[in-house]
Structure formats: C-alpha cells, structure tokens
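Enquirer: Dropping the sequence and predicted coords here.
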Amino acid sequence: MNDTPSNHALPPLSLSEADMLRAGQRTIERVVARLSRPDAGPVRGLHRTRDELDKEWREPPPEHGEDLTALVDRLAESALAVGMRSDHPRCFAFVPTAGTYPAVLADALAAAFLAVPSAWLVGAGPTQLELVTISWLCELLGLPPGSGGLFVSGGTEANLTALAVARDTRLGGDLRGARAYCSDQAHPSVAKALHILGFGRDQLVAVPADASLRLPVDVLAARIRQDRAGGLRPFLVIATAGTTGTGAVDPLPELAELCRAEGLWLHTDGAIGATARITERGRTLLAGLEASDSVTVDPHKWLFQPYDIGCVLLREPELLRGTFAMARHSVDVDAGYLSASQTPAPPASAAGADAGTGTGAAPTGPVNLSDYGVQLTRGLRALKLWLSLKTFGVRAFRDAVADGMRRAEYAAGRAAAHPELELTSPAGLCILTFRYRPAGLPRGPELDELQARVSQAVVAGGQAMVVPTRVRGEQVLRMCTINPRGTEADIDAAFDQVVAAGRELAARGRPAGADH
Ligand SMILES: *Cc1c(COP(=O)(O)O)cnc(C)c1O
C-alpha cells in the first residue's frame, strides 16, 4: 500500500485516512473481541517455547514497511496471545486484573493527542485531568484534605517516590546510621527502593511478622528504642495494607501512633489493598490509612486498569517538590530550554497552600507535575482511570471491589470445609492461601513439593491458574479473587482442578512430575 500513487502526497510517517480507518476498525474489532471473551482461550495463554517465539518473531530491523492491518492481525493472533490471561475468570495467580474498554480508548486518545501532563505550558488540560483524578482517589481512600500526589508506572515507582521524600525530609542529606522498618511480609520493591536511594541492606530492618502475618507493633517499638539507644537514626516505617502473599493488613492506627510519638515517617504500601477502602468493609479494615504520611496504590491492580498505572499519594504533596523539582537539580546557572516551561518555585512557607496537587487546594496557578516525581516527560496515565470512573461510576467499582472481597471469603470457606484442602491463611482482603493435603501426609518437604506440582499440573491444564507462594516457610497455594468477571462457580472449578491434580499426583507418588 505504500506504493500507491495517492500515498506519495502524504506527509512522512503517515497513512491515508482510509488506511488509518481500516486498521483502526480492525484493531477495535480485536479489542472488543478480547475484552468481551477473556475466557476464549487457556488461562495461561497460548503456549510457545522461547525457541518457537524466537523463530517466529526475531528478524532484522524491517527496512520496508508492511500493511498495518495485517500486522495488527498477526500480533493479536500470536505474540499478544502468548501470556497469561489476567482477565480470565479462572485466573487467580499473582494479582490478576481485568482492564476496561474506556481505558483502552483513553490510552489511544492520550497517544493521539500526545497528552503530556508535565509542564503546564505544554499540557495544561492533561495536567488538570490528572489533578482531578488524583483528588478523586484521595477522597475515595479517605485521605485528609490537602492530600495529593501523582500517577507513576506502578507500585514499585510509587514506593520509590515516597521513600525518596521520606529520606529527604527526615535525614537532612545524611544517610549514616539511618534505619527504616517494615515486616518480613513487605514487598521486595521496598528494599529495592531503599537500595536505589543509596541505603545499605542493613539499613532496612525486616521485623518478623506475628502469627497473623502482621507487623507486631510492640516488637517494632522495642527495636526502634534499641536502635536509638545504639546511636542509630530510625526515620521511616513502611506498613503494608494488604500484603502480596496473604493480604494481611498491618495495624495502621497503632503504627501511626508509634510513628507520631517517635517522629518517624509512615509510608503505607497499599499497592493491592488500599482500594478496598472504597467499600464499606474496607473502611473498617483499613482504618488508620489516613494517618500515613504517604500511600502507594496501584490502579492497575484492584481498580482494574490496564498496565501501567500506579499512584503515590502524600498528606503533604508539596514535599515532593523538595526532592523532585527540576530547578533543584539544574546543573547550569542558565537552565536552558527547560526554564521556559518552569514556573518559579513557591516560597517554602507556601508549601501545601500552593496550587499544588492537593485535593482541597484552590486552583490558584499553573502546576508542573514533572516537579513532583521521577519523570520529566510523562504520559497521561490518569486518563484511563478518569474515563473508566466516568463511564461506569464509582458505585460500579465499589461493588466490584466488594464482590472480590466476598469471593475471597467464599473461597476461604470452601477450602476450610474441604477434607483434602487446608486453609493456611484466612481471606485477607482479596487473597487466601491453602494447600492440597491428602490424609496422612505430614507437613514437610514432601507436602511442600506437592503444592508446586499441583500448581504446575493445574496451570498446564489451562483451565485455571493457581500458583504457589511461601507462608511461614511452607509452600502453599494462593488465590487472588479480584477479577470482577470471576464467580463462585469459577472458584469451585479451580478447587476441583486442584483436588483432581492433587489426587492424581499423590496416587502416582514421587517423583512423577507434571508434564511441563
Ligand atoms: C504489586 C505490589 C507492588 C509493586 O507494584 P508494581 O505495580 O508491580 O510495581 C508493591 N507492593 C505491593 C504490596 C504489591 O502488591
């Protein structure tokens, strides 16, 4: 098509309107088919080995163009179909999500309009949409007036962003002897963030979780006192609101009180769990979230957004500027081309009262969101969440999150009642763990190994996706029940798969493994 005479009149790197519409129509058909029938294929996706993928896709850089519509077809039928179907109703692995059609359109719109909520001068409208969406999230999570923040790539970057501010506001540029605290159930991205921020591994104290897999406040308090007495400098506690392993929620009100008394920054990693706060039950389960200095929440988890969209929220969002404002990092007296897009930094006394990113703040002036985080040029991640919330309304999201919590309770009840299943941690928000345990098999390496083999067999069968994790040093199976398409029947079916695989493997005995 690139050789048709009409194309010679086209500007570089463009297609005729007819070609754009043809490829667009096909793309939308593919999108609608994918979103309408998430269970149209095996949960684990099409299976291809690395070799097969290599054979099909590796090629030299394509010197000449091909037909876009044909490329879209090829992608949808092969590479994009090889990978777990997170939105399959029987996908319980990791943190499945669903995606929404408005979110797909939003990503396309943001791309087409080259929306860039970085500097007000180039992206005032996009910035406004991000500020509004952020303020909605603050309000929905029950954070105090004046809270704000920004969208980032995910929970990892949100944690990094928050911990950078904690470091800069509490340590005065001197990292020596500083100590941060979390439970041993915290997400690895916490340790990763501290590493990136220049702390040694010994500067993160992972306190062993209690019997309910939560951070024990008394043990933590004693450790902080001991460290202080030893000349160290405690500055930060990282609570988890919904651990990735079991959905456990650290005791937020008690941690907030401890942090207040000790003058420590409290960061709450609610990447998965924080959004439970939009439900009535979640308001109780996550009481105290509002006392955090900073909160991580991942809309690409329990707000059903396609990747990637994470979010960091702070009680005092203007503190982000202290760490991230471009002007702070200028290496040249004349900041060059960037200076035109910079607005002067507000006087320190105006922090928090400035236009800022806060919920309650009056819209008093331009905002450069690039001054609030790692990225200078940034995409309009907010748009997919904005358009999803506007299309379906918060109520639909609240119901979907509440249903996910109910399904976790249902699944926990089923596992507890089944003679060959054992519940190893109760429903924590949207997550439960259990194991297949045939009568007479004691706890130990053999039972542990059985869980891994049961998971492999279930995954290979393509009917459900349930993967193992470790709880209190033992191998268990884990289910995350947030997919709004999932039903109790899907949970029953997954347990049936687990029990069938377990029976077969236990009967076969070791060492016969799954065929995969
Ligand atoms: C998923 C998760 C993260 C990391 O989030 P990404 O979006 O994958 O970067 C951090 N903390 C917790 C508790 C999580 O569950």
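Expert: Ah, there it is. The structure presented is a predicted model; accordingly, all values stated were derived computationally and were not measured.
Enquirer: so the residue of the stretch 1-150 of the chain found nearest the ligand, which of the three states?
Expert: As assessed by Cβ to the nearest ligand atom, the ligand sits closest to residue 95 within the stretch 1-150 of the chain, at 5.8 Å. No exception for glycine: its C-beta is placed from N, CA and C like everyone else's. State at residue 95, reduced to three classes by DSSP: H, G, I helix; E, B strand; the rest coil: coil.
Enquirer: ok, now which ones touch it?
Expert: Shown in contact with residue 95 (Cβ atoms under 8 Å, 6 or more residues apart in numbering): 244, 272, 298, 301-302, 480, 482.
Enquirer: For this structure, give me the ranges with low pLDDT.
Expert: 1-8, 333-363, 510-516 (pLDDT under 70).
Enquirer: which parts of it sit against the ligand?
Expert: Counting by Cβ under 6 Å from any ligand atom, the chain comes close to the ligand at 95, 154-156, 187, 189, 240, 244, 269, 271-272, 298, 310.
Enquirer: who wins for neighbours among those?
Expert: Highest neighbour count within the residues of the chain next to the ligand: residue 269, with 32 neighbours (other Cβ atoms under 10 Å).
Enquirer: just how off-centre is the helix of greatest length in the chain within its chain?
Expert: Taking DSSP state H as the criterion, the chain has its longest helix at helix 394-417. Its chain's C-alpha centre and that of helix 394-417 lie 19 Å apart, by Cα atoms, centre = their mean, to the nearest Å.
Enquirer: and it, what does it pack onto?
Expert: Contact analysis of helix 394-417 by 3 or more Cβ pairs under 8 Å, 6 or more residues apart in numbering; DSSP states H and E lists helix 280-285, strand 421-428, strand 431-436, helix 488-508 as its packing neighbours.
Enquirer: Turn these into a markdown table, including mean neighbour count and distance to residue 465.
Expert: Shown next, in a markdown table, are the helices and strands packed on helix 394-417 (neighbours: other Cβ atoms under 10 Å; distance: least, Cβ to Cβ, whole Å):
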| stretch | mean neighbour count | distance to residue 465 |
| --- | --- | --- |
| helix 280-285 | 16 | 25 |
| strand 421-428 | 20 | 17 |
| strand 431-436 | 28 | 14 |
| helix 488-508 | 18 | 8 |
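Enquirer: Output those as a markdown table; include the columns distance to residue 121.
Expert: Converted to a markdown table, the helices and strands packed on helix 394-417 look like this (distance: least, Cβ to Cβ, whole Å):
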| stretch | distance to residue 121 |
| --- | --- |
| helix 280-285 | 39 |
| strand 421-428 | 46 |
| strand 431-436 | 44 |
| helix 488-508 | 49 |
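Enquirer: closest one to residue 162 among the ones you listed?
Expert: With respect to residue 162, and counting by Cβ to Cβ, the nearest of the helices and strands packed on helix 394-417 is helix 280-285 at 20.9 Å.
Enquirer: for the closest one, packing partners?
Expert: helix 394-417.
Enquirer: What separation do you get for the residue minimising distance to the centre of the chain and residue 259?
Expert: For the chain, the residue nearest the mean C-alpha position is residue 298 (3.7 Å; Cα atoms, centre = their mean). Noted for residue 298: a distance of 23 Å to residue 259, by Cβ to Cβ, to the nearest Å.
Enquirer: which residues in the stretch 101-250 of the chain form strands?
Expert: For the stretch 101-250 of the chain, the strands defined by DSSP state E, counting those that start in this stretch cover 148-152, 178-183, 204-207, 233-240.
Enquirer: highest average neighbour count across the ones you listed?
Expert: Of all those, strand 148-152 has the most neighbours on average by mean count of other Cβ atoms under 10 Å, namely a mean of 29.
Enquirer: what lines up beside it in the sheet?
Expert: strand 310-314 (antiparallel) (DSSP bridges).
Enquirer: Next SSE downstream of the partner strand?
Expert: helix 319-324 (DSSP states H and E).
Enquirer: Measure how far that following helix is from the centre of its chain, please.
Expert: On Cα atoms, centre = their mean, the centre of helix 319-324 falls 23 Å from that of its chain.
Enquirer: and that helix, what other elements does it pack with?
Expert: helix 155-171.
Enquirer: Just the CA atoms from the helix it packs on would do, formatted as PDB, please.
Expert: C-alpha atoms of helix 155-171 as PDB (Å, rounded to 0.1, in the frame of the first residue of the first chain):
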ATOM      1  CA  GLY A 155       3.700   0.300  43.000                       C
ATOM      2  CA  THR A 156       7.500   0.000  42.700                       C
ATOM      3  CA  GLU A 157       7.900   3.600  41.500                       C
ATOM      4  CA  ALA A 158       5.300   4.800  43.900                       C
ATOM      5  CA  ASN A 159       7.200   3.300  46.800                       C
ATOM      6  CA  LEU A 160      10.500   4.700  45.400                       C
ATOM      7  CA  THR A 161       8.900   8.200  45.100                       C
ATOM      8  CA  ALA A 162       7.500   8.200  48.600                       C
ATOM      9  CA  LEU A 163      10.700   6.800  50.300                       C
ATOM     10  CA  ALA A 164      12.800   9.400  48.500                       C
ATOM     11  CA  VAL A 165      10.700  12.100  50.100                       C
ATOM     12  CA  ALA A 166      10.900  10.400  53.500                       C
ATOM     13  CA  ARG A 167      14.700  10.300  53.100                       C
ATOM     14  CA  ASP A 168      15.000  14.000  52.100                       C
ATOM     15  CA  THR A 169      12.600  15.400  54.700                       C
ATOM     16  CA  ARG A 170      13.800  13.300  57.600                       C
ATOM     17  CA  LEU A 171      17.500  12.800  57.200                       C
END
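Enquirer: Flag every buried residue along that helix.
Expert: Buried residues in helix 155-171, counted by 16 or more other Cβ atoms under 10 Å: 155-168, 170-171.
Enquirer: what's the distance between it and the middle of its chain?
Expert: 17 Å.
Enquirer: swap in stretch 199-215?
Expert: 21 Å.
Enquirer: buried ones in that stretch?
Expert: The neighbour-count check on stretch 199-215 (16+ other Cβ under 10 Å) flags 199, 203-207, 209-210, 213-215 as buried.
Enquirer: circling back: identify whichever of the strands of the stretch 101-250 of the chain lies nearest to residue 99.
Expert: strand 148-152 (16.8 Å).
Enquirer: Quick check on the residue in the stretch 251-400 of the chain that the ligand sits nearest to: phi, psi?
Expert: Nearest residue of the stretch 251-400 of the chain to the ligand (Cβ to the nearest ligand atom) works out as residue 271 at 3.4 Å. The phi/psi pair for residue 271 (degrees, to the nearest 10) reads phi -50, psi -50.
Enquirer: For residue 95, see how far away it is.
Expert: Noted for residue 271: a distance of 8 Å to residue 95, by Cβ to Cβ.
Enquirer: Just give the nearest non-adjacent residue to residue 167, would you?
Expert: For residue 167, ignoring the flanking residues on the chain, the nearest one in space by Cβ to Cβ, 6 or more residues apart in numbering is residue 197 at 5.6 Å.
Enquirer: what's the answer for residue 120, then?
Expert: residue 366 (3.5 Å).
Enquirer: which residues sit against stretch 169-178?
Expert: 167, 198-199, 203, 231-236, 264-265, 319, 322.
Enquirer: Correct me if wrong: the residue of the stretch 251-400 of the chain closest to the ligand contacts residue 310.
Expert: Yes: the pair residue 271 / residue 310 is scored as a contact, 7.1 Å apart, by Cβ atoms under 8 Å.
Enquirer: Mutual contacts of these two, please.
Expert: With Cβ under 8 Å, 6+ apart as the test, residue 271 and residue 310 both reach 154-155, 158, 296-298.
Enquirer: could the residues you listed be laid out in TSV, adding distance to residue 453?
Expert: Shown next, in TSV, are the shared contacts of residue 271 and residue 310 (distance: Cβ to Cβ, whole Å):
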residue	distance to residue 453
154	31
155	30
158	36
296	35
297	36
298	31
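Enquirer: between those residues, which is nearest residue 118?
Expert: Scanning the shared contacts of residue 271 and residue 310 for proximity to residue 118, where the rule is Cβ to Cβ, the winner is residue 158, at 17.9 Å.
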